[in-house]
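Trainee: Could you look at this predicted model? Sequence included:
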Amino acid sequence: MGIIWLWLFTVAQAVSKDGDFILGGLFNVHQFPAENSKGQCGELDTKGLGRAMAMIFAIETINNNSNLLPNITLGYDIRDYCENATKAIEMTFELIKDSTCSNKTRRKMETKSPLIAFIGPFESRTALAINGFLQILDVPAISGTTTSPELNSNTYSYWYRTAPTDTFLAKAMADIIEHFKWTYVAAVGLDDSYGRNGVRSVIKEAARRNGSFCVAMKEFIPLEAQLPSIRNIVSSLRRQENIRVIILWTYGSHERNFFSEVNGQNLTGRVWILSDVSVTLKTFVYSDTFTINESIGFQPHRFTDTGFTEYIIELLTKGTNRQNVPEWWSEAKALTRSCPTRKKTDTHQIEVCIQGVVQDILGSNIPYVIDAVYSVAHAIQIGLAQASTSMTDDHCQQELSIDLLDMRRLLSKINFIGLSGNVTFDEFGDRESAVYDIVKFQQVQDTDGKLQLKTDHRRKMGSEWAKQQKDASL
């Protein structure tokens with residue numbers, strides 16, 4: 001039985017399509033396996049699947065665009081690393097090694113299209129882990145989700161991101177804390193680049209504001225032995241009854257595990273400030289006593305995804321003849337099996353059920369992922385406009401060729417209007433502004449205890465403030 005499972009995992013971990021230029025993709029389509037689990041991957045991460053599908057959608061859209069890269073086809077090789085940084089390193093090496101020219105003989109015999117850039121990964125800690133390979137082999141990566149300020153450095157010169165850095169988010173959180181005159185808060189973060197630097201950014205903001213609020217308690221959740229550590233942290237928070245406001249800087253399965261323990265220990269009467277609300281709707285089954293009403297979460301502003309939602313609905317409802325739809329999609333289709341059939345109910349009920357599955361797949365960072373793909377396309381277009389179609393022996397690909405060493409220079413030149421606004425990169429490969437949706441939680445009064453998320457307003461920080469923050473933090 002174990003052999004069959006491993007074979008299925010091998011089939012499902014990648015999807016590829018050839019093209020004149022290949023974009024590698026790293027996404028957490030599945031969660032990290034639960035403790036004591038023997039599997040290499042956990043359950044389906046619907047939001048992670050959505051990000052992988054957004055990359056495919058963006059490439060298909062570009063390939064059908066007669067104005068952007070005409071007569072050129074982009075391909076992809078997308079891997080699922082299941083929130084496992086070690087697995088991501090292995091996959092990065094595998095993706096790059098077949099595309100690297102080692103000698104002139106191989107250059108003449110090479111028939112595979114060049115890997116021009118990576119899209120992804122999801123987490124900042126995984127970005128840090130694969131950075132060495134990117135530098136050694138001169139392959140840039142563009143992420144629509146990594147936000148740690150640690151990546152804002154010349155050390156990570158091959159790293160670009162369409163998502164805003166968390167220095168913006170820390171300021172937004174501090175503004176909210178000051179607005180409500182909360183003076184005594186706790187901060188709990190995941191013990192990785194995202195969590196550590198997020199919590200530290202909030203502490204720095206508190207210091208810059210002359211003590212308008214105090215981070216009285218800080219804790220970090222280790223990646224190893226996570227569940228016992230979460231249990232101890234929640235117990236400590238229960239004992240600190242004078243701390244009524246708790247910042248939680250986590251994501252994905254780590255957030256699910258944390259709030260499962262919060263619910264189990266019945267930690268109530270606290271206001272939560274969440275750095276990521278993408279998994280909140282599916283995190284709990286609420287008890288009668290536990291609620292996060294009046295708590296606040298942040299997410300990147302939900303820009304219009306221009307056709308992606310319709311693309312997902314088509315794949316879920318009508319079936320498709322599209323090629324290269326990944327094996328993972330069968331797991332998404334399985335989510336619709338609980339929806340009523342047309343023989344048993346009216347069309348409206350079916351649509352409501354399907355829409356629920358669609359919302360599980362969609363996420364506010366989808367436009368940022370799509371813009372990451374378009375960033376590569378615009379860079380290639382700039383490079384092809386500048387380059388001759390004839391190649392010398394110093395370069396290692398075919399007629400349509402861009403010097404891979406030049407991709408960083410090309411990415412620094414892009415300037416286009418994307419789904420998430422104007423896309424251009426500063427000297428650190430970062431966006432210079434941020435737009436967040438500030439979300440207030442309200443619990444729907446139904447038997448399932450589900451949450452309804454209401455967006456109160458959005459807060460925008462511009463390039464002048466971003467520059468100030470960088471100067472202050474370096």
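Mentor: Received it, and whenever you're ready, just let me know what you need. Quick caveat: nothing in here was measured; it's all calculated off a predicted structure. Residues are numbered from 1 along each chain as shown.
Trainee: Would you check the distance separating the host helix or strand of residue 170 from the middle of the chain?
Mentor: With elements taken from DSSP states H and E, the one containing residue 170 is helix 166-179. Relative to its chain's centre, helix 166-179 lies at 21 Å (Cα atoms, centre = their mean, to the nearest Å).
Trainee: for stretch 85-93, same thing?
Mentor: Chain-centre distance of stretch 85-93: 17 Å, with Cα atoms, centre = their mean.
Trainee: List the buried residues in that stretch.
Mentor: 85, 87, 88, 89, 91, 92 (16 or more other Cβ atoms under 10 Å). Every C-beta, even on glycine, is put in place using the N, C-alpha and C of the backbone.
Trainee: Please report how far the fifth one lies from residue 46.
Mentor: In this case it means residue 91. 21 Å (Cβ to Cβ, to the nearest Å).
Trainee: Equivalent analysis for the fourth one, please.
Mentor: Going from residue 89 to residue 46 by Cβ to Cβ gives 25 Å.
Trainee: now the first one
Mentor: The gap separating residue 85 from residue 46 is 21 Å, by Cβ to Cβ.
Trainee: do the same with the last one
Mentor: Between residue 92 and residue 46 the distance, using Cβ to Cβ, works out to 24 Å.
Trainee: In the helix holding residue 170, which residues are buried?
Mentor: Under the neighbour-count criterion of 16+ other Cβ under 10 Å, helix 166-179 has 166, 167, 168, 169, 170, 171, 172, 173, 174, 176, 177 buried.
Trainee: again with stretch 187-202
Mentor: For stretch 187-202, burial by neighbour count (16+ other Cβ under 10 Å) applies to 187-202.
Trainee: Show me the contact partners of it.
Mentor: 123-125, 127-128, 146-151, 166-167, 169-170, 173-174, 203, 215, 217-223, 233, 237, 246-251, 254, 258, 275, 473 (Cβ atoms under 8 Å, 6 or more residues apart in numbering).
Trainee: among those, which are in strands?
Mentor: Among the contacts of stretch 187-202, the ones falling in strands (DSSP state E) are 215, 217, 218, 219, 220, 221, 246, 247, 248, 249.
Trainee: Show me the helices in the stretch 201-350 of the chain, by range?
Mentor: Counting by DSSP state H, counting those that start in this stretch, the stretch 201-350 of the chain has helices at residues 226-239, 252-264, 308-317, 329-334, 347-361.
Trainee: Between those helices, which one is closest to residue 384.
Mentor: Closest to residue 384 of the helices of the stretch 201-350 of the chain, according to Cβ to Cβ: helix 308-317, at 26.6 Å.
Trainee: Are there helices or strands packed against the closest one, and which ones?
Mentor: helix 46-63, helix 329-334, helix 347-361 (3 or more Cβ pairs under 8 Å, 6 or more residues apart in numbering; DSSP states H and E).
Trainee: Quick check: nearest residue in space to residue 174, chain neighbours excluded?
Mentor: residue 205 (3.9 Å; Cβ to Cβ, 6 or more residues apart in numbering).
Trainee: Pull the number of nearby residues for the one you found.
Mentor: Using other Cβ atoms under 10 Å, residue 205 is surrounded by 22 other residues.
Trainee: my guess is it contacts residue 172, does it?
Mentor: No: taking contacts as Cβ atoms under 8 Å, residue 205 lies outside contact range of residue 172: 9.6 Å.
Trainee: low-scoring pLDDT stretches of this protein, where are they?
Mentor: Confidence mapping of the chain against pLDDT under 70 gives the ranges 1-13, 35-39, 98-112, 278-293, 319-324, 341-347, 388-401, 403-405, 443-474.
Trainee: go again using 50 as the cut-off
Mentor: Within the chain, the stretches with pLDDT under 50 are 1-12, 101-111, 281, 283-289, 389-399, 463-474.
Trainee: Would you mind splitting it into its domains for me?
Mentor: Under the assignment automatic domain parsing, the domains of the chain span 13-163+365-411, 166-302+434-473.
Trainee: check contacts around residue 78.
Mentor: Residue 78 makes contact with 14, 15, 16, 24, 25, 26, 27, 52, 55, 56, 326, according to Cβ under 8 Å, 6+ apart.
Trainee: can we see that at 7 Å?
Mentor: Residue 78 sits next to 14, 15, 25, 27, 52, 55 when contact means Cβ atoms under 7 Å, 6 or more residues apart in numbering.
Trainee: Same check on residue 26?
Mentor: Counting by Cβ under 7 Å, 6+ apart, residue 26 touches 79, 81, 88, 91, 92, 118, 120, 121.
Trainee: Could you spell out the sheet neighbours of the host helix or strand of it, each with its direction?
Mentor: Element membership of residue 26, judged by DSSP H and E, is strand 21-27. Sheet pairing for strand 21-27, assigned by DSSP bridges, gives strand 74-80 (parallel), strand 115-119 (parallel).
Trainee: Now tabulate these in CSV and tack on distance to residue 267.
Mentor: Shown next, in CSV, are the strands paired with strand 21-27 (distance: least, Cβ to Cβ, whole Å):
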stretch, distance to residue 267
strand 74-80, 34
strand 115-119, 38
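Trainee: Now do the contacts for residue 68.
Mentor: 62, 377, 381.
Trainee: got it, and residue 300?
Mentor: Under the criterion of Cβ under 7 Å, 6+ apart, the neighbours of residue 300 are 163, 364, 365, 368, 436.
Trainee: which element is residue 377 on?
Mentor: helix 366-386.
Trainee: Tell me which residues of that helix come out buried.
Mentor: So helix 366-386, judged by 16+ other Cβ under 10 Å, has buried residues 366-384.
Trainee: Also stretch 43-54?
Mentor: Under the neighbour-count criterion of 16+ other Cβ under 10 Å, stretch 43-54 has 44, 45, 46, 47, 48, 49, 50, 51, 52, 53, 54 buried.
Trainee: hmm, back to that, need the contacts of residue 26 in a markdown table with distance to residue 294, can you?
Mentor: Conversion of the contacts of residue 26 to a markdown table gives the following (distance: Cβ to Cβ, whole Å):
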| residue | distance to residue 294 |
| --- | --- |
| 79 | 41 |
| 81 | 37 |
| 88 | 38 |
| 91 | 42 |
| 92 | 43 |
| 118 | 40 |
| 120 | 35 |
| 121 | 34 |
